[in-house]
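S.K.: Everything below, folded, please.
(2 chains)
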2 protein chains.
Amino acid sequence: MSDFVFQNPTKIIFGKGKISLIGDEIKNNGYKKVLLLAGGGSIKKNGVYEQTIKSLDAAGIGWVESWGVKPNPELNKTNEAIRLAKKEEVDSILAVGGGSVIDTAKTIAAGYYVDDVWKCFEGTQNIDKALPIFTILTISATGTEMNCFAVLTKEEEHKKWHIDSHLLYPKVSILDPETQFTLPWNQTANGAIDALSHIMEFYFMGTKEETALALDESLMRTIIKVTDTLKNNPSDYEARSSLAWAATLALNGISGAMLHYGDWSTHTLEHGVSAFKTDVAHGTGLAILFPAWIAYCKDANLDTFKRWAKNVWNADSVEEGVLKMKAKYAEWETPISLTEIGVKEEDLEEIRNITINRFKKFGALKQLDGEDVLEILNLAL
Amino acid sequence: MSDFVFQNPTKIIFGKGKISLIGDEIKNNGYKKVLLLAGGGSIKKNGVYEQTIKSLDAAGIGWVESWGVKPNPELNKTNEAIRLAKKEEVDSILAVGGGSVIDTAKTIAAGYYVDDVWKCFEGTQNIDKALPIFTILTISATGTEMNCFAVLTKEEEHKKWHIDSHLLYPKVSILDPETQFTLPWNQTANGAIDALSHIMEFYFMGTKEETALALDESLMRTIIKVTDTLKNNPSDYEARSSLAWAATLALNGISGAMLHYGDWSTHTLEHGVSAFKTDVAHGTGLAILFPAWIAYCKDANLDTFKRWAKNVWNADSVEEGVLKMKAKYAEWETPISLTEIGVKEEDLEEIRNITINRFKKFGALKQLDGEDVLEILNLAL
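M.R.: Below you'll find the model as predicted:
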C-alpha cells in the first residue's frame, strides 16, 4: 500500500433543480462578476443556460459570456478567453458544460495571472494564483468537476498536455442529472468509458489494498450496469445519478487512495492519438487503447489483472476479461480499434513520436518507451 | 435518490511514520500553541506520544497537556479541559487518540467560545466559532477524524447527545495504521462493528441508488474480510490500512451520499443503552442492537434488506443474513445480547426512558416511539 494524502475542498451540490443555487453560491463566496464559459450551444436547448442566468440575475452577479469551447480544448481559444477575462476584469469563472469547458475554465483561471499560460503546461511557469472556479456539469465523464487537473491541446504542435494545482479545485460544482437526459448516446458511452478508464489507471497498481480494490470494483460494475440501463432509457433518473456520482468518484481522489497515484500510461497514449486526430473523443481513444495496454502489460501485476477479470467481468482469465470489455464497448457502439477511427498503419510512427514528445518514458506499473508505444499501437490497430 | 451536498475539507495524511508531520502541519496553518488532548496513556506505550512531541518541538509549537479522556466521554472532564484551554490561551487543539478523544476535542473547540457547551448539545446555543482541530488517530472506528460530529455524555442525567457543525471538521488528521498493531482485540472488533454500523445506517435507506449501495457493500465486505485477517494477525499492515481507510469512508460523507442522510435509529438506541451503562463500548452496543433493529424494521424496505443479506453475507434471506452477522460478531468475541452485558429485563423501561429523553420519536426508515423502543430492546435481550 502506498501512503497517501487526501484533501478535496470542492463542494458538490447534487440533484434536480440545483442549478438555481449557483448565483447564491457565487455571491456567498464573495464574488460579483463571472466569465460564463460554454461550449457549442446545447445548454441553450436543454434549459441549462436559462436556469443559470436566471440564478445569476437573482443573486445580482454580473457576467460576460465566452462560447465555443470544443472537445479536446485548444490553446488559441483559451487565450482568447483569457484576454476577455482580463479586459472585463471578472473576479471568477463559471464553467457551464462538460469536461472540456471545465478544463478550459481551469486554464483561464491560471492564465489570468500569467503572461503565457502554456508555460504552466510546459512546467516553466508556476501556478501561484488562480481565479476561483464554479461549475455546472452537463456531461459526467472526466471528473474535472471535483479535481485539480486540466488538459489542453496546442494543436499546431500536436501537444495534448496537462496542468495540476490545488488552486484549480472548483469551489462549487452543481450536478443535476436531469440535464443529461438529452445527451447523444455516444457522449454518454464515452463518459462511462472515460470514468471506467480513470478507475483502471489506479486499480491495476494495486495488490493487497482491499478497501481501494473492492471500492473500485464496485464503481466499475456500477458504471457498466447503469450505462446499460441508460442505453435503453436515457431518462432513467436513478441510472443517470449513479453514473454521474460514480464518474465524479472515479477521479476525485477516492478511487485512487492507496493505489500509488496510478499508472496513467493509457492516458498518455490516448493524448498522443487525439493530438494526432483531434476529432476523436477522449473516451473513444481510451476504449481503443486500454485493451491493448492491458494485453501488453498484464504480466507486470498478473494477480490483480486476473482479479479485475473475475470481479468486474465475471471472466476466468485476463484475456476473457479483455474480450468482454471490448464486446461491451462495441455493444455501446464505440470504436474499439484505431482502424475504425481512420488511423492507418503508416500513421503509427507519427502517433508514437507525438506520444513521447514530452516524456521519452512514462508509466508506473511498467515503464514504456517509444518501442513499447509502437507495439501497443499495433495491438490497438 | 435523495439530493445531497458533499463537502469535506479535512486533509487526511495516511501512512507509516506520518505522525512526524504534525508539527509542520500546525505551523503551516498558522497556529502556535495546542491543547494536547489524550486518553489513558496507551500512546506513551506505543511511541505515539513521543513522535508527537518530537514533531511539535521541531516545529516550534508550544503545548499544554490534558489527559484522561475516557470511552463515552463525559461533560465534567470536558469542561475541565475547556477551562484549561482558556486559561492557557491555546490557539488550537491536537487530539491524540481514538474517537472519544477526538469527539472531546471537538466539544472543547466549540466550548472555548461559549459559557456552557452543553447548551450546544441541547440546541439552545449556536456554534458560531470553534478552535481549529488537528488529530492523530490511534483507533479506527468512529470516523470522527474526517467528519463534523461529536458525541458527549452528561452522566448524571443519562444523556448521550451529539453536536454537529461544519466548524468541527478537523483541519488535518494523521492516520498511521502501524500505531494500531498493539490494540487489544476487542477494540479492533468494536471499531470494525462501529464502522459497519455507520454504513448500515445509510445503506438501509436506499432503493435504487446503485453507486451508493454497491460502494457500501464493498466497504462492508472489506471490513469483515480484513477484520478476520486482523484477528489472526493484528500486525498485518495491509489489513490495518484497509480497515482504517474503510472506517474513515464509512462516516465522511462518501458512504452516505444519495442515501437520504441515513436512518440513525440504532445509534439513538445505542446511546440509550450506553448512557444507562457507561462502561459499554459503542461498538458493542451497536453489535447487540443492530440485529434487533433489522428484525423489527426489515419490512419497511424489504428488497434492500434482502440485497444486503445476499451481497454482504451471502445469505438467502434477511433472517439468515442477521444470523450470519451475529455469528460473525460472536466469533469476534463481542457480546450480541443485552443479557451478556449485564442488562436485565427490569432495566429495559429505564433504558427506554433514557432513549426518548431528547426526542419522543426518531428514525427515518421507520419512525420509532417508546413502545417500539421497548420491543426492540426485548428482541436484543
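
S.K.: Please list the outside residues in contact with stretch A:51-62.
M.R.: A:19-24, A:26-27, A:31-34, A:36, A:43, A:63, A:94, A:96, A:136 (CB atoms under 8 Å, 6 or more residues apart in numbering or on different chains). For every residue, glycine as well, the C-beta is placed using N, CA and C.

S.K.: Just the buried residues from those residues, in PyMOL please.
M.R.: Restricted to the buried members of these, where burial is judged by 16 or more other CB atoms under 10 Å in any protein chain shown, the PyMOL selection command reads as follows:
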select buried, chain A and resi 19+21+22+23+26+27+31+33+34+36+43+63+94+96+136
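
S.K.: Show me the contacts of stretch A:51-62 that map onto strands.
M.R.: For the contacts of stretch A:51-62, the ones inside strands are A:33-34, A:36, A:63, A:94, A:96, A:136, with DSSP state E as the criterion.

S.K.: just the helices in the stretch 151-300 of chain A please.
M.R.: Counting by DSSP state H, counting those that start in this stretch, one finds helices in the stretch 151-300 of chain A at the ranges A:185-203, A:210-232, A:237-249, A:265-276, A:282-297.

S.K.: Spell out which residues of the stretch 201-350 of chain A are next to chain B.
M.R.: Neighbours of chain B within the stretch 201-350 of chain A, by CB under 8 Å from any CB of the partner chain: A:208-212, A:214-215, A:217-219, A:221-222, A:225-226, A:237-239, A:241-243, A:245-246, A:249, A:254, A:257-258.

S.K.: if we go to 6 Å?
M.R.: Along the stretch 201-350 of chain A, the residues adjacent to chain B under the rule CB under 6 Å from any CB of the partner chain are A:208, A:210-211, A:214-215, A:218, A:222, A:226, A:238, A:241-242, A:245-246.

S.K.: Just put these in a markdown table and tack on pLDDT, distance to B:Leu365 and neighbour count.
M.R.: Putting those into a markdown table (pLDDT from 0 to 100; distance: CB to CB, whole Å; neighbours: other CB atoms under 10 Å in any protein chain shown) gives the following:
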| residue | pLDDT | distance to B:Leu365 | neighbour count |
| --- | --- | --- | --- |
| A:Lys208 | 96 | 36 | 18 |
| A:Glu210 | 98 | 29 | 25 |
| A:Thr211 | 98 | 26 | 27 |
| A:Ala214 | 98 | 26 | 24 |
| A:Leu215 | 98 | 25 | 29 |
| A:Ser218 | 98 | 22 | 27 |
| A:Thr222 | 98 | 23 | 25 |
| A:Val226 | 98 | 24 | 24 |
| A:Glu238 | 98 | 18 | 17 |
| A:Ser241 | 98 | 20 | 30 |
| A:Ser242 | 98 | 21 | 31 |
| A:Trp245 | 98 | 21 | 27 |
| A:Ala246 | 98 | 24 | 30 |
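
S.K.: Report the two of these separated the most.
M.R.: Of all pairs drawn from these, the one with the longest distance (CB to CB) is A:Lys208 and A:Glu238, at 33.7 Å.

S.K.: per the record, what domains does chain A have?
M.R.: For chain A, the domain assignment from automatic domain parsing gives the residue ranges A:11-178, A:185-380.

S.K.: Can you give me the end-to-end span of the last one?
M.R.: If I follow you right, that is domain A:185-380. Using CA to CA, to the nearest Å, the end-to-end distance of domain A:185-380 comes out at 24 Å.

S.K.: quick one: low-confidence ranges for chain A?
M.R.: When residues are selected by pLDDT under 70, none of them lie in chain A.

S.K.: all strands for the stretch 51-200 of chain A, in order.
M.R.: Defined through DSSP state E, counting those that start in this stretch, the strands belonging to the stretch 51-200 of chain A, from first to last, are A:62-66, A:92-97, A:133-137, A:149-154, A:159-164, A:172-175.

S.K.: Please name every helix or strand in contact with the fourth one.
M.R.: Going back to what we said before, that points to strand A:149-154. Counting by 3 or more CB pairs under 6 Å, 6 or more residues apart in numbering or on different chains; DSSP states H and E, the packing neighbours recorded for strand A:149-154 are helix A:99-111, strand A:159-164.

S.K.: Roughly how far does the closest residue to A:Ile224 other than its chain neighbours sit from A:Lys45?
M.R.: Closest residue in space to A:Ile224, ignoring its immediate chain neighbours: A:Lys328 at 6.5 Å, by CB to CB, 6 or more residues apart in numbering or on different chains. Between A:Lys328 and A:Lys45 the distance, using CB to CB, to the nearest Å, works out to 30 Å.

S.K.: In terms of neighbours, single out the busier of the two.
M.R.: Per other CB atoms under 10 Å in any protein chain shown, whichever of A:Lys328 and A:Lys45 has more neighbours is A:Lys328, with 20 against 9.

S.K.: wait, is that one part of a strand?
M.R.: No. Residue state for A:Lys328 (DSSP: H, G, I helix; E, B strand; the rest coil) corresponds to helix; a strand is not indicated.

S.K.: which residues touch stretch A:285-294?
M.R.: Outside of stretch A:285-294, the residues within contact range by CB atoms under 6 Å, 6 or more residues apart in numbering or on different chains are A:193, A:197, A:266, A:269-270, A:273-274, A:322, A:326, A:329, A:334, A:336, A:338, A:376, A:379-380.

S.K.: which one among these gets closest to B:Lys344?
M.R.: Distance from B:Lys344 was checked for each of the contacts of stretch A:285-294 by CB to CB. The minimum falls on A:Ser197, at 58.9 Å.

S.K.: Count the neighbours of the closest residue in space to that closest one that isn't next to it in sequence for me.
M.R.: In space, A:Ser197 comes closest to A:Leu286 once its chain neighbours are excluded; the distance is 4.1 Å by CB to CB, 6+ apart. Each residue near A:Leu286 was counted by other CB under 10 Å, and the total is 28.

S.K.: Sheet-wise, list the partners of whichever strand in chain A runs longest with their directions.
M.R.: Scanning chain A for the longest strand, with DSSP E as the assignment, gives strand A:4-14. The sheet places strand A:4-14 alongside strand A:172-175 (parallel), strand B:4-14 (antiparallel), with pairing taken from DSSP bridges.
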